[in-house]
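Visitor: what's the 3D shape of this:
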Amino acid sequence: METPSHTILPPGAETGRAGRLFSAGLEKDSDLVEGLFAFCRANGIESALAWLSGSVSPVTLGIYDPSQEVSATERYEGVHELVSASGRIIVRHGLENAHLTASAAGLDGKLVGGRIFSPTRAVAVRFDLMEILS
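Guide: This is a model prediction of the structure:
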């Protein structure tokens, strides 16, 4: 796919085109990240954008700590509603990588956010997924 001449891409940027669209749900008590990887593998999806909604318990979120060059994670117990959750999934050449970020509200009304990590278990989660073709 040619990039239009008026588009300026930063170094390392990828281009692609939209492929198939999916709308599905995760099984109750399944791990959110692992469930999305399994869905991609089962459908031959190597790269995709995902949007998620629903409830999870627990939710594990992280924020990148540049001083340690790793994400510091925290696990939040109890049911949390995904207020906003989206990101990119790659399942290609034996590599599985999910960069999904979320804002989630607990029953106490507190809002937490960050990158989604395992374990984050689905209570009732639906997702829309758009395959990205090279």
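
Visitor: all helices for the chain, in order.
Guide: 32-42 (DSSP state H).

Visitor: Low-confidence stretches in it?
Guide: Low-confidence segments of the chain (pLDDT under 70): 1-7, 9-10, 12-14.

Visitor: Which residue comes closest to the residue sitting nearest the centre point of it once chain neighbours are left out?
Guide: For the chain, the residue nearest the mean C-alpha position is Leu100 (2.9 Å; Cα atoms, centre = their mean). Nearest residue to Leu100, sequence neighbours excluded (Cβ to Cβ, 6 or more residues apart in numbering): Gly87, at 3.5 Å. For every residue, glycine as well, the C-beta is placed using N, CA and C.

Visitor: Distance of that neighbour relative to Phe117?
Guide: According to Cβ to Cβ, to the nearest Å, Gly87 and Phe117 sit 12 Å apart.

Visitor: which residues does Val131 contact?
Guide: Actually, residue 131 is Glu rather than Val. 18-22, 45, 47-48 (Cβ atoms under 8 Å, 6 or more residues apart in numbering).

Visitor: Neighbours of the nearest residue to it once chain neighbours are set aside, how many?
Guide: The spatially closest residue to Glu131, leaving aside those adjacent along the chain, is Gly19, at 3.3 Å (Cβ to Cβ, 6+ apart). Per other Cβ atoms under 10 Å, the neighbour tally for Gly19 reads 16.
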